[in-house]
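>>> I'll drop the sequence and a predicted model, then ask my questions.
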Amino acid sequence: MMFGWFKKQKTEKKSRYGRYMVGSFLDYQETQALKLSTTFACVKVIAESIGMMPIKIYEENNGIKALAKTHPLYDVLTYQPNPNDTPAEFKEKLMTDLLLHGNSYCKIVRFGGKIKELWRLPVDSVDVKLMSDSSILYTWKNDNGTEETANSFDKECKIWHIKLFSTDNVKGVAPVEQLKDLFGEAGKIDQFWTKYIDNGCTLSGIIKSAEPIEQDKFEDVKNIINEEYTGSRNTGKVLFLDYGLDYKPMSEKSLSDSQFIQTKLHIMKQIAGVFKVPLNMLGIMEGATYNNVEQQQINFLVHCLSPYLNKIEERITMSLLKKEEREKYTVKFLTTGLLKLDTESRYKTYKMAIENGILNRNEIRDMEELSAYTGGDKFIVPLNMALIDENGQIERVVDGQNASGGDRDLIDSNSTTDSNEQIKPTADTAVQEGV
């Protein structure tokens, strides 16, 4: 017997998209959603974009802002959040939790009343409850199994909680959990594509027999065809049939006819819309041109990243700074690295900033990762501007021509004002330029 030598070994195959099926859609858990290519790409691009942005703490004294390098939190956020994570890795973990679960939690470790470490807590290990006094109680288990609690009303906060859009003001809403139908459809499409490739990009056919076939022979035929003649690895093989069998392929529609590609693209656009990621950042260049890619990058920062950045900045101020420090210290993400223009446009912008006293040359060299030089901290301001008093009258001029007949206040065009003495003129210039 032709097929008698072959006996099929039964193996159980599990879907790579998770075992849960509810109604007409896959019931995705948050981590399972990462197995969808579009979800993975969206989460990755957002997490990595925010991960590469430095968080800076500024201290204000007498109206002058400077980096607060002596503040304990500066070292934690800039160099080492904890012994295991770099700042970029730490921020990526927080964002991944936030994007998939709607919440991210960090344990705050203090020594001598100063924050020394921040440790990310797995989302599923933290229990959150709203108490009768409107406080929020957090309960979690440490690696050693001990249970720990924190209350949002505690004077010294022990947990740092960031949440997305919330319906109960306690926990953020997980997009994957809220939009199960959408992610389930995406999973089905991916499964279809996988099966389509596995089956050699063709639909199945029909095997006919003029005479009845015994059950054991039927099983032999079915097994050998499935294992030896189907799938992309067996494409091109010649099929030999016994027992008077005849093979007739089924008529099929192409992927184009069934609009599979359009359906897949539609689902990808919907998922990208949930995360507010521009399509060009997912490799979909539909409608993208050389001229509008830069605008899409700006839209990505403004509409996608900025809400996350704002939430993190506010939570740092609220949870990681003491009440008495909040007026003196501010926390900001540096977003300039994400919006670097081409060389020509960048240098034109720098030129305007220098000539109008907005930035000095060493500040710009720092943006370009170049070393500072002596004298580069001096600001330059235009010499043909006038100062206006509170009545709208020209108070003084700086080019030797006093239109109001007041005292002349001349500034030597060859002199340069030290940066420490130039704070007010710089601010005045910025106002004149609409900055």
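Structure received.
>>> Can you tell me the closest non-neighbouring residue to Pro54?
Closest residue in space to Pro54, ignoring its immediate chain neighbours: Leu334 at 4.8 Å, by Cβ to Cβ, 6 or more residues apart in numbering. Yep, even glycine has a C-beta here, placed from its N, CA and C like the rest.
>>> pretty sure that neighbour contacts Ile57?
No - when contacts are counted by Cβ atoms under 8 Å, Leu334 is not listed as touching Ile57 (11.5 Å).
>>> residues in contact with the residue nearest to Pro54?
Met53, Pro54, Ile55, Lys56 (Cβ atoms under 8 Å, 6 or more residues apart in numbering).
>>> Now do the phi/psi pair for it.
Per-residue torsions, Leu334: phi -90, psi 110 (degrees, to the nearest 10).
>>> Could you do Glu92 as well?
phi -60, psi -40.
>>> Thr167 versus that one, what's the distance?
Between Glu92 and Thr167 the computed distance is 27 Å (Cβ to Cβ, to the nearest Å).
>>> Name the residues that touch stretch 61-81?
Outside of stretch 61-81, the residues within contact range by Cβ under 8 Å, 6+ apart are 54-59, 86-87, 90, 114-118, 316, 320-321, 328-330, 423.
>>> Who has more neighbours out of Glu92 and Thr167?
More crowded of Glu92 and Thr167, by other Cβ atoms under 10 Å: Glu92, with 21 against 9.
>>> is it true that that one touches Gly51?
Yes - the pair Glu92 / Gly51 is scored as a contact, 4.2 Å apart, by Cβ under 8 Å.
>>> Please, where are all the helices along the stretch 151-300 of the chain?
175-178, 180-198, 215-228, 260-275, 293-299 (DSSP state H, counting those that start in this stretch).
>>> mind checking which of these is nearest Ser152?
helix 175-178 (23.3 Å; Cβ to Cβ).
>>> Using CSV, write down the CA coordinates of the closest one.
Extracted in CSV, the C-alpha atoms of helix 175-178 (Å, rounded to 0.1, in the frame of the first residue of the first chain):
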residue,chain,number,x,y,z
PRO,A,175,-6.8,50.7,25.4
VAL,A,176,-6.4,47.0,24.7
GLU,A,177,-9.0,46.0,27.3
GLN,A,178,-11.4,48.7,26.2
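>>> tell me the phi and psi of Phe379?
Main-chain dihedrals, Phe379, degrees, to the nearest 10: phi -90, psi 150.
>>> That one: neighbouring residues, count only.
22.
>>> was I right about it contacting Gly357?
Yes - between Phe379 and Gly357 a contact is recorded at 4.9 Å, counting by Cβ under 8 Å.
>>> Where does the prediction get shaky in the stretch 201-350 of the chain?
Applying pLDDT under 70 to the stretch 201-350 of the chain picks out residues 201-211, 213, 225-260, 285-294, 339-342.
>>> Which PyMOL command selects the buried ones in the contacts of Leu334?
This is the PyMOL syntax for the buried subset of the contacts of Leu334, where burial follows 16 or more other Cβ atoms under 10 Å:
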select buried, resi 53+55+56
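>>> Relative to Pro278, which of the contacts of Leu334 is nearest.
Pro278 has its nearest neighbour among those in Met53, at 17.5 Å by Cβ to Cβ.
>>> What residues does the closest one make contact with?
Here Met53 is in contact with Lys91, Leu309, Phe333, Leu334, Thr335, Gly337, Leu338 (Cβ under 8 Å, 6+ apart).
>>> quick one: which of the residues you listed is nearest Val173?
Among the contacts of Met53, and counting by Cβ to Cβ, the member closest to Val173 is Leu309, at 19.2 Å.
>>> where does the closest one fall, phi/psi-wise?
According to degrees, to the nearest 10, Leu309 has phi -60, psi -40.
>>> Mean neighbour count, the helices of the stretch 151-300 of the chain: which tops it?
helix 175-178 (a mean of 19; mean count of other Cβ atoms under 10 Å).
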